[in-house]
Structures are given as structure tokens and as C-alpha cells.
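K.L.:
here is my input; please provide its structure:
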Amino acid sequence: MRNVCTIAALFLCLLLAASQDSSIRDAIAAELPIPSLADVSIQGYGDKNQTCQEWTDGCRACTRPENGVATCSNLGIACQPKAISCTKRAEEKK
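P.N.:
Prediction:
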């Protein structure tokens with residue numbers, strides 16, 4: 001009987017600790033900003049940076065031809081995207 005009480009007390013302590021941990025995690029997550037789709041998508045990058053003519057995340061490449069409609073390649077099967085960067089800016093008109 002003594003072992004059962006000890007195991008039950010230990011289980012109760014672990015359960016209490018786990019619930020405290022998740023409430024802290026939830027509180028921290030609630031304070032984090034949620035990025036918009038334009039901030040995280042490769043297409044959104046082009047929409048926000050109109051002077052960028054070509055951009056990439058290391059896996060997909062996007063271009064904006066003269067008509068202004070951006071097109072992007074498909075994601076490779078095992079590629080791990082990195083931060084999106086502009087590789088070619090529009091030349092200033094003189």
C-alpha cells in the first residue's frame with residue numbers, strides 16, 4: 001500500500017509540473033507576434049518589395065518580368081528554404 005501511495009504522489013507531482021510547464025509555454029506563445037502570410041511567403045516577399053526583380057529562398061527562384069506579374073519555381077523535394085533575399089533590383093530610370 002505504501003508503494004501505491006508513493007507512486008500516486010509522484011504521478012500527481014509530475015502531472016502538476018507538466019501542467020505548469022504548458023501554462024508557461026502558452027503564456028509565452030500568446031506574447032509572440034504572429035507573422036502575416038506576406039511576411040513568410042515567397043510570393044508575399046515580392047508583393048512587399050516592388051523594386052526587387054528577382055528573389056530566392058535558396059530553393060525557389062522568383063522573377064518579375066516587365067508585365068509586373070511575379071512567377072516562382074516549384075520547391076525541390078528535399079530542399080530546406082532559407083531566408084528570402086533579393087538577387088536583382090530594378091534599375092532606376094534616368
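
K.L.:
CA atoms for contacts and neighbours, from now on please.
P.N.:
Noted.

K.L.:
C-terminal to the least confident helix or strand in the chain by mean pLDDT, what's the next element?
P.N.:
Using mean pLDDT, DSSP states H and E, helix 37-40 stands out as the lowest-scoring helix or strand of the chain, at a mean of 57. Next in sequence after helix 37-40, counting helices and strands by DSSP states H and E, comes helix 42-48.

K.L.:
just list what that following helix packs against, helices and strands only.
P.N.:
Other elements packing on helix 42-48 under the criterion 3 or more CA pairs under 8 Å, 6 or more residues apart in numbering; DSSP states H and E are helix 37-40, strand 52-56.

K.L.:
contacting residues around the longest one?
P.N.:
Going back to what we said before, that points to strand 52-56. 42, 46, 61-65, 84-90 (CA atoms under 8 Å, 6 or more residues apart in numbering).

K.L.:
ok, residues contacting the very next helix or strand once past that strand?
P.N.:
Per DSSP H and E, the first helix or strand lying C-terminal to strand 52-56 is strand 61-63. With CA under 8 Å, 6+ apart as the test, strand 61-63 has contacts from 42-43, 53-56, 70-73.

K.L.:
what about strand 61-63, average pLDDT?
P.N.:
Strand 61-63 carries an average pLDDT of 95.

K.L.:
ok, whichever helix or strand comes after that strand: who's next to it in the sheet?
P.N.:
Heading C-terminal from strand 61-63, the first helix or strand you meet, by DSSP H and E, is strand 71-72. Sheet pairing here is set by DSSP bridges, and for strand 71-72 it gives strand 61-63 (antiparallel).

K.L.:
model confidence for E54, exactly?
P.N.:
95.

K.L.:
next one: K48
P.N.:
88.

K.L.:
redo the contacts of strand 52-56 as TSV? Include distance to T6 and neighbour count.
P.N.:
TSV is the format used below for the contacts of strand 52-56 (distance: CA to CA, whole Å; neighbours: other CA atoms under 10 Å):
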residue	distance to T6	neighbour count
I42	55	21
G46	61	26
A61	60	18
C62	62	22
T63	65	19
R64	67	18
P65	71	11
I84	54	19
S85	58	15
C86	61	17
T87	63	13
K88	67	12
R89	68	13
A90	71	11
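
K.L.:
so which of these is the closest to A78?
P.N.:
Comparing the contacts of strand 52-56 against A78 with CA to CA places A61 closest, at 15.5 Å.
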